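Q: I need the structure of the sequence given here:
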Amino acid sequence: MSTGTEAPTAAPSITPVVVRLKLSLLRNGLRQSGGRRAAFITSAVVALLFAALQLLGLVLLRGHAHIASMAVIGVAVLALGWAVMPLFFPSGDETLDPTRLVMLPLRPRPLVNALLAASLVGIGPLFTVLLLVGCVISVAHGAVAFAVAVLALALALLVCVALARTVAAANIRLLTSRKGRDLAVLSGLVVAIGIQVVNFGMQRLGSAGLGRLDPVADVLRWVPPASAVGAVDSASRGSYGVAVAQLALTAAVLAALLAVWGRSLDRLMTSPDSSTLQAVDAPVRKRTREGGGLARLLPSGRTGTVMERSMRYIWRDPKTKAAWATSLAIGLIVPVFNALQGTGTPYFACFAAGMLGIQMYNQFGQDTSAFWMVALTISSPRDAYVELRGRALALLAITLPYATLVTVLTTGLLGEWSRLPEVLGLSFALLGAMLATGAWTSARFPYSIPQEGFKNVAPGQAGLAWISIFGGMVAAALLCSPVIALTIWSNVSATGGSWSRLLLPVGAAYGAGLTLLGLRLAAPRTAARLPEILTAVSKG
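A: Okay, here's the model as predicted:
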């Protein structure tokens, strides 16, 4: 009989289990539908093909004078993408949410190791590996540099993955809330803005040369994970001490990320979700709607109520918020970026008025099935007119100052202040025309906006959406033709230049008149078609 105590057996590793779980999630997700399977395969092929082309390009540029700067900046941008993707696509990877494992008896350190290993499974890590291979090969020269490159590649990949996990764990409460869904809806806006920024940067580099990247790269080569590629470049130059310091810096940041990630997991696993608890001793706060905040600045009566409701839609409804944010951003980016490149014209500022004017189209679609409450308050064309007027005023409260700001900014960047009055007048006329046609098409061609998913039109109503938006835009352009003709005449006529300043009041008055006329014409049709509008907007 043995009297000694047996040594406790080590707990089995959970890493293989979590990796198999990640593979099972991927496999089961592809089994849900043929469309999802086709989308996954297509996106994977496109992503890997792009990465392979980037790898080939970096290898072919090996030996270029500025290839090190390109590689360092490329890795920094790659890491930035890993950091922000969880904020906009939180549902893209089910293992990003550690709270799903909260009921299991897991400790933070083994869970960190398991989730880190699971993070290396997928198209994203493979895409990252291909780009990192191209970056390190492009700057590696000599046996020592290639040896450093192997370690640098592993460290850079782990830093990218750990960065994404740390950001996701620190913001998981936000990502699973309504605000998190808002961020996901706004992801398309971020992509659109990013494409414009990249396009602008490439054009600037094409004219100034890649040497403009060197000062930025000199800073980023000490910022992990770009410092790992900087270490390979330093080893190629014979600066072995600098290479060791850059690798050590990358490893230190990796250790810090893992420590922060572990603390976040510990807090998520052990602390209650405050959003589901109600403090016993906390005083009950009463929210008064009347006489405070925005309501004090709005008109009294139904007009102010409609304006406040419309502004709350803009602030709270994810689809409406995304549409407004996209219009505001693109309406500013197109004229300003063209002005910065020296290829624009002040008239590009009218793009802002056009993008914002689109928000007047399908006004009742954003109400969805709740439009029945609005319909109950409309018993005459006068009620419909006040309803439409309140919605138009809410839109004008944002679009009018914003369109003016974009016009002034674009004109100032181009230095053509003499054209400011006529451009403002044309913008105001276009905005008024779009408000008029938007009110009419909202009553004549309403359609539903689905609350779930990324589609903005309910199935079977795409034709209504095309007629409403594009037909209204063409009609708005035709309604603006008198002001456009006056603008052309003031620029080509020998005596028209002295009248160009009058285009501002003329355009403003013309736009206001078109808006009032459009509201007057749309009100009777709205009052007469309430059942049809409710049926159309309730399909989503």
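Q: contacting residues around stretch 380-397?
A: 299, 302-308, 310-311, 314, 356, 359-360, 363, 374, 377-378, 431, 435, 439, 442, 515, 519-520, 522-524, 526-527 (Cβ atoms under 8 Å, 6 or more residues apart in numbering). (Each C-beta comes from the backbone N, C-alpha and C, glycine too.)
Q: how about 6 Å then?
A: Residues outside stretch 380-397 that contact it (Cβ atoms under 6 Å, 6 or more residues apart in numbering) are 302-303, 306-307, 310-311, 359-360, 363, 378, 435, 439, 519, 522-524, 526-527.
Q: Show me what counts as buried in it.
A: 381, 383-396 (16 or more other Cβ atoms under 10 Å).
Q: which residues of the stretch 351-500 of the chain score low on pLDDT?
A: 451-456, 458-460, 462, 464, 494-498 (pLDDT under 70).
Q: circling back: is it possible to mark the buried ones in the contacts of stretch 380-397?
A: By neighbour count, with 16+ other Cβ under 10 Å, the contacts of stretch 380-397 hold 303, 306-307, 310-311, 359-360, 363, 378, 435, 439, 519, 522-523, 526-527 as buried.
Q: circling back to that earlier point, show only the entries of the contacts of stretch 380-397 found in helices.
A: Of those, the ones assigned to helices by DSSP state H are 302-303, 306-307, 310-311, 435, 439, 519, 522-524, 526-527.
Q: Now for the buried ones among the contacts of stretch 380-397: which two are most distant?
A: Pairwise distances across the buried ones among the contacts of stretch 380-397 (Cβ to Cβ) peak at 24.0 Å, for the pair Met311 and Ala527.
Q: Quick check: Val457 touching Ala465?
A: Yes. In this structure Val457 lies within contact range of Ala465 using Cβ atoms under 6 Å: 4.6 Å.
Q: residues shared between the contacts of those two?
A: Tyr447.
Q: Stretch 313-323: end-to-end distance?
A: One end of stretch 313-323 to the other measures 11 Å (Cα to Cα, to the nearest Å).
Q: name the helices or strands packed onto the strand or helix carrying Ile333?
A: Per DSSP states H and E: Ile333 is located in helix 318-340. Where contact means 3 or more Cβ pairs under 6 Å, 6 or more residues apart in numbering; DSSP states H and E, helix 318-340 is packed against helix 178-185, helix 187-208, helix 301-316, helix 350-357, helix 381-414.
Q: What residues sit buried inside that helix?
A: 318-339.
Q: before we move on, what about stretch 130-147?
A: 130-141, 145.
Q: can you give me the offset of it from its chain's centre?
A: Relative to the chain's own centre, stretch 130-147 is displaced by 34 Å; criterion: Cα atoms, centre = their mean, to the nearest Å.
Q: what about the helix or strand that contains Val133, average pLDDT?
A: Element membership of Val133 [criterion: DSSP H and E] is helix 123-139. For helix 123-139, the mean pLDDT works out to 91.
Q: Now do it: which elements does it pack against?
A: Helix 123-139 packs on helix 34-60, helix 67-88, helix 143-170, helix 226-236, going by 3+ Cβ pairs under 6 Å, 6+ apart.
Q: Contacts made by that helix with the rest, please.
A: Contacts of helix 123-139 (Cβ under 6 Å, 6+ apart): 44, 47, 51, 54-55, 58-59, 61-62, 67-68, 71, 74-75, 78, 149, 152-153, 156-157, 160, 229, 232-233.
Q: swap in stretch 62-80?
A: 61, 131, 135, 138-139, 160, 210, 213-214, 217, 220-221, 225-226, 229-230, 233.
Q: Buried ones from those, can you make that a PyMOL selection?
A: Entered in PyMOL, the line below selects the buried ones among those, by 16+ other Cβ under 10 Å:
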select buried, resi 61+131+135+138+139+160+210+213+217+220+221+225+226+229+230+233
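Q: tell me what the helix or strand Val19 falls within is packed against?
A: Under the criterion of DSSP H and E, Val19 resides in helix 15-31. On a contact count with 3+ Cβ pairs under 6 Å, 6+ apart, helix 15-31 meets helix 108-119.
Q: when you compare where the helix it packs on runs with where helix 15-31 runs, what's the angle?
A: Angle of helix 108-119 versus helix 15-31, following axes from the mean of the first three to the mean of the last three Cα atoms, to 10 degrees, is 40 degrees.
Q: So what touches helix 108-119?
A: Ile14, Thr15, Val18, Val19, Lys22, Thr95, Val161, Leu258, Trp261, Gly262, Leu265, Asp266.
Q: and the gap between the nearest residue to the fifth one once chain neighbours are set aside and Val112?
A: When you say that, I think you mean Lys22. Spatial nearest neighbour of Lys22, chain neighbours left out: Ala118 (4.2 Å); criterion: Cβ to Cβ, 6 or more residues apart in numbering. Distance check for Ala118 against Val112: by Cβ to Cβ, to the nearest Å, it reads 11 Å.
Q: show me the contacts for Ser468.
A: Tyr361, Asn362, Thr441, Phe445 are the contacts of Ser468 under Cβ under 6 Å, 6+ apart.
Q: Tyr361: neighbour count?
A: 25 (other Cβ atoms under 10 Å).
Q: That one reaches Ile467, doesn't it?
A: No. Counting by Cβ under 6 Å, Tyr361 stays clear of Ile467, with 10.4 Å between them.
Q: How much space separates Gly432 from Leu479?
A: Separation of Gly432 from Leu479 (Cβ to Cβ): 8 Å.
Q: Looking at these two, which is more packed in?
A: Between Gly432 and Leu479, Gly432 has the larger neighbour count (other Cβ under 10 Å), namely 30 against 21.
Q: Skipping adjacent residues, who's closest to the more buried one in space?
A: Spatial nearest neighbour of Gly432, chain neighbours left out: Gly511 (2.5 Å); criterion: Cβ to Cβ, 6+ apart.
Q: next one: Trp372
A: Closest to Trp372 by Cβ to Cβ, 6+ apart is Leu534, at 5.7 Å.
Q: Now do the helix or strand hosting the one you found: everything it contacts.
A: Using DSSP H and E, Leu534 maps to helix 530-537. With contacts defined as Cβ under 6 Å, 6+ apart, helix 530-537 is touched by Phe364, Gly365, Thr368, Phe371, Trp372, Ala375, Pro446, Tyr447, Ser448.
Q: same thing but 8 Å
A: 364-365, 367-369, 371-372, 375, 378, 443, 446-449, 461, 464, 526.
Q: got the buried residues for that helix?
A: In helix 530-537, counting by 16+ other Cβ under 10 Å, buried: Leu530, Ile533, Leu534, Ala536, Val537.
Q: CSV please, covering these and showing pLDDT and distance to Ala248.
A: Shown next, in CSV, are the buried residues of helix 530-537 (pLDDT from 0 to 100; distance: Cβ to Cβ, whole Å):
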residue, pLDDT, distance to Ala248
Leu530, 90, 71
Ile533, 89, 66
Leu534, 89, 67
Ala536, 85, 64
Val537, 86, 61
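Q: Between the residues you listed, which sits nearest Arg27?
A: Closest to Arg27 out of these is Val537 (39.6 Å), distances taken as Cβ to Cβ.
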